[in-house]
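*Asks:* show me how the following folds:
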Amino acid sequence: MRDLAGPGLLPEELAWALDLLGHWYPAVVADAPPGWNQPVPATLLARADLLVLTVRAGEAEIAGADDALTALTAAGRGDLVATVIVAIVETYPSRLSRGARMRLDHLEDRAYMTVPVPFDAALADSRPINWFRLRRRTRFAFQRLAGAVATAPLPGSQPAAALARPALAAADPQARIAAWPSGA
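*Replies:* Residues are numbered from 1 along each chain as shown. Reported below is the predicted structural model:
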């Protein structure tokens, strides 16, 4: 499927396809369209065991990722918040502003892990990705992201609380979610 938000796709059809794929494959990766309250993204979200949130490395985008974690709770999947992996992608060569770094620090306290992906000209030219053309730092970031996905705890599992940031490890994951204001 190329466009999960396209017309004609019914949530029941998507659920059936996900169940079928889940029967044959140990992992199914879906690039979800925005709008967790819309039928198709809501179907994907309801069946998700892990969420990787990808955002650009900017203050507004990082704030949007923080809002997305709040929206995730509002969409009935607060159990995923403690296991969310956030990939912060630099789409142009620059440094994070002070405000963006502060927002990133706050986001790191809420998510399971944040992984910065540095700018790489080999990703900016819209050609197919060649692993060996990527800079070493970029390859390392993607390896770290893959490792985070492979080792992330599933929602509701005991390791989710144990692997949370040390300051939050003793806290109940649901209480941790409720402790953050929505900012709205």
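*Asks:* could you use CA atoms for every contact and neighbour count after this?
*Replies:* Noted.
*Asks:* in this protein, which spans are helices?
*Replies:* Applying DSSP state H to the chain gives helices spanning 11-24, 39-47, 59-74, 98-110, 121-124, 136-151, 158-162, 173-178.
*Asks:* which regions of this protein sit below the pLDDT cut-off?
*Replies:* 1-8, 155-184 (pLDDT under 70).
*Asks:* go again with 50.
*Replies:* Applying pLDDT under 50 to the chain flags residues 1, 158-184.
*Asks:* which residue packs closest to R101, ignoring adjacent ones?
*Replies:* E59 (7.8 Å; Cα to Cα, 6 or more residues apart in numbering).
*Asks:* ignore what I typed, I meant L45.
*Replies:* Closest to L45 by Cα to Cα, 6+ apart is W36, at 7.1 Å.
*Asks:* and the one you found, its phi and psi?
*Replies:* Here is the backbone geometry of W36 (degrees, to the nearest 10): phi -60, psi -10.
*Asks:* just give me the neighbour total for it.
*Replies:* 20 (other Cα atoms under 10 Å).
*Asks:* about what we covered before: out of the helices of the chain, flag the one nearest Y92.
*Replies:* helix 121-124 (8.4 Å; Cα to Cα).
*Asks:* which residues sit against the closest one?
*Replies:* Residues outside helix 121-124 that contact it (Cα atoms under 8 Å, 6 or more residues apart in numbering): 91, 129-130, 133-134.
*Asks:* may I see the PyMOL selection of the buried members of those?
*Replies:* To isolate the buried ones among the contacts of helix 121-124 in PyMOL, judged by 16 or more other Cα atoms under 10 Å, type:
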select buried, resi 91+134
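*Asks:* distance of the closest residue to T91 other than its chain neighbours from G147?
*Replies:* Nearest residue to T91, sequence neighbours excluded (Cα to Cα, 6+ apart): F119, at 5.6 Å. In this structure, F119 and G147 are 20 Å apart, going by Cα to Cα, to the nearest Å.
*Asks:* between those two, which one's more packed in?
*Replies:* Between F119 and G147, counting by other Cα under 10 Å, F119 is the more crowded of the two (19 against 11).
*Asks:* which residues touch that one?
*Replies:* With the criterion set at Cα under 8 Å, 6+ apart, F119 makes contact with 89-93, 138.
*Asks:* now swap in L72 and tell me
*Replies:* Counting by Cα under 8 Å, 6+ apart, L72 has contacts 36, 78, 80-81.
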